[in-house]
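[1] Compute the structure for the input listed below.
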Amino acid sequence: MARRSVLLAVALVIALVGTALIVLYVQGIDKRATAGQELVEVLAATDTIEAGESVAAAMEAGKFEERQVRREDVVDGALSSTGSISDLVALGTVYAGEQVIAPKFGTMSDTEGLLIPDDKVAISVELSDPARVAGFVNPGSDVAIFLSADPVRKLPDGTEQTLPPYTRLLLPKVQVIGVGTSSISSTTTTTDEGEQVVEQVPRAILTLAVDQKQAEKVIFAARNAEISFALLSGDSKIDDGPGVSAADLMPEIFRTAS
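    This is a model prediction of the structure:
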């Protein structure tokens with residue numbers, strides 16, 4: 001009887017140990033199945049960030065968002081905020097949906113040369129401080145380009161007709177990929193009394209990423225008229241139109257003259 005009790009106790013212990021081992025095994029399977037499945041927060045691009053575009057400009061354009069992904073899908077070095085790269089620029093193209101990693105950002109001096117986006121060419125123009133938004137345009141900035149001209153039309157008889165000066169939109173949006181150092185140039189103007197006045201005007205060379213048609217327009221405008229930049233934000237609204245002339249700004253004077 002005593003032996004039977006001992007055997008029953010041993011069997012009970014074995015059963016309990018076996019049950020415990022089974023429970024532990026199942027728990028291990030669950031842990032392995034759920035490992036890496038928990039969600040973590042990473043920073044991702046919502047739109048393409050071009051090479052040379054600054055993080056500040058991309059942030060202003062709403063090109064970053066915090067997104068939750070499975071831990072096993074997190075890219076090595078993925079960031080959760082722009083804090084560590086806020087003063088940097090993209091060293092290569094960052095595509096929409098891509099997780100943001102620090103090695104893809106650096107200073108302009110980290111690049112081996114001018115970063116030109118795919119299918120674009122780089123051209124440079126020289127502008128005064130007012131025409132380049134008082135120096136607030138930086139690599140990665142998006143700008144609209146305006147043209148101010150005093151057009152002359154050649155008539156069939158060979159004579160020329162001077163048309164009213166006007167200002168209008170030339171290109172609604174292009175990207176600045178380089179800003180040179182400022183230099184001083186001298187310009188001479190004549191007052192109403194016939195006196196010549198020499199002014200020292202700060203100027204800087206800015207480099208744009210454009211396609212061929214845009215390059216043709218900008219180069220022609222820079223050589224034959226005056227161009228000015230308008231710095232764009234993510235909410236800027238630019239519409240093409242006929243532009244404005246003196247008649248549009250002072251219609252009452254022109255009505256009286258006619």
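
[2] In what element of secondary structure is the closest residue to residue 50 other than its chain neighbours found?
    Closest residue to residue 50 apart from its sequence neighbours, by Cβ to Cβ, 6 or more residues apart in numbering: residue 117 at 4.8 Å. Where C-beta positions appear, they are placed from N, C-alpha and C, glycine not excepted. For residue 117, there is no enclosing helix or strand under DSSP states H and E.

[3] repeat for the one 10 residues further on
    Residue 127 belongs to strand 121-128 when elements are defined using DSSP H and E.

[4] just to revisit the earlier point, got a list of what the residue nearest to residue 50 touches?
    50, 51, 52, 93, 175, 177, 209 (Cβ atoms under 8 Å, 6 or more residues apart in numbering).

[5] can you redo those as CSV with neighbour count?
    Output for the contacts of residue 117, formatted as CSV (neighbours: other Cβ atoms under 10 Å):
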residue, neighbour count
50, 24
51, 21
52, 26
93, 17
175, 22
177, 26
209, 25
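
[6] could you pull out the helices for the protein?
    2-34, 55-60, 212-224, 246-249, 251-257 (DSSP state H).

[7] Okay, and the beta partners of residue 229?
    Note on residue 229: beta-bridge partners by DSSP bridges are residue 145.

[8] Once you drop chain neighbours, what's closest to residue 68?
    What sits nearest to residue 68 in space, not counting adjacent residues and going by Cβ to Cβ, 6+ apart, is residue 39, at 4.4 Å.

[9] For the one you found, the count of nearby residues, please.
    Residue 39 has 11 neighbouring residues, counting by other Cβ atoms under 10 Å.

[10] What of residue 243?
    Count around residue 243 with other Cβ under 10 Å applied: 15.

[11] sorry, back to before: which residues does the strand holding residue 127 contact?
    With contact meaning Cβ under 8 Å, 6+ apart, strand 121-128 is reached by 114, 116, 177-178, 180, 201-212, 215, 218-219, 222, 227-229.

[12] Please repeat the previous calculation with a cut-off of 7 Å.
    Strand 121-128 is contacted from outside by 114, 116, 177, 201-210, 212, 215, 218-219, 222, 227, 229, using Cβ atoms under 7 Å, 6 or more residues apart in numbering.

[13] Quick check: ChimeraX command selecting the buried ones in these.
    To isolate the buried members of these in ChimeraX, using 16 or more other Cβ atoms under 10 Å:
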select :116,177,203,204,206,207,208,209,210,215,218,222,227,229
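
[14] returning to that earlier point: report the separation between the residue nearest to residue 50 and residue 147.
    Separation of residue 117 from residue 147 (Cβ to Cβ, to the nearest Å) stands at 24 Å.

[15] chain center to stretch 225-235, what's the gap?
    The chain centroid and the centroid of stretch 225-235 are separated by 14 Å, computed with Cα atoms, centre = their mean, to the nearest Å.

[16] Same question for stretch 130-150.
    15 Å.

[17] Can you tell me the closest non-neighbouring residue to residue 54?
    Counting by Cβ to Cβ, 6+ apart, the residue nearest residue 54 is residue 140, at 3.6 Å.

[18] Now for residue 148: which residues touch it?
    By Cβ under 7 Å, 6+ apart, the contact set of residue 148 is 167, 225, 226, 228.

[19] hmm, I was thinking of residue 61
    residue 234.

[20] quick one: contacts of stretch 72-88?
    For stretch 72-88, the external contacting residues (Cβ under 7 Å, 6+ apart) are 36, 40-43, 55-56, 59, 64, 99-103, 105-107.

[21] so where's the stretch 51-200 of the chain shaky on pLDDT?
    The stretch 51-200 of the chain contains residues with pLDDT under 70 at 108-113, 181-191, 197-200.

[22] Strands of that one, residue ranges please.
    Remark: strands assigned in the stretch 51-200 of the chain by DSSP state E, counting those that start in this stretch are 64-70, 89-90, 105-106, 121-128, 142-149, 152-154, 160-162, 166-190, 196-210.
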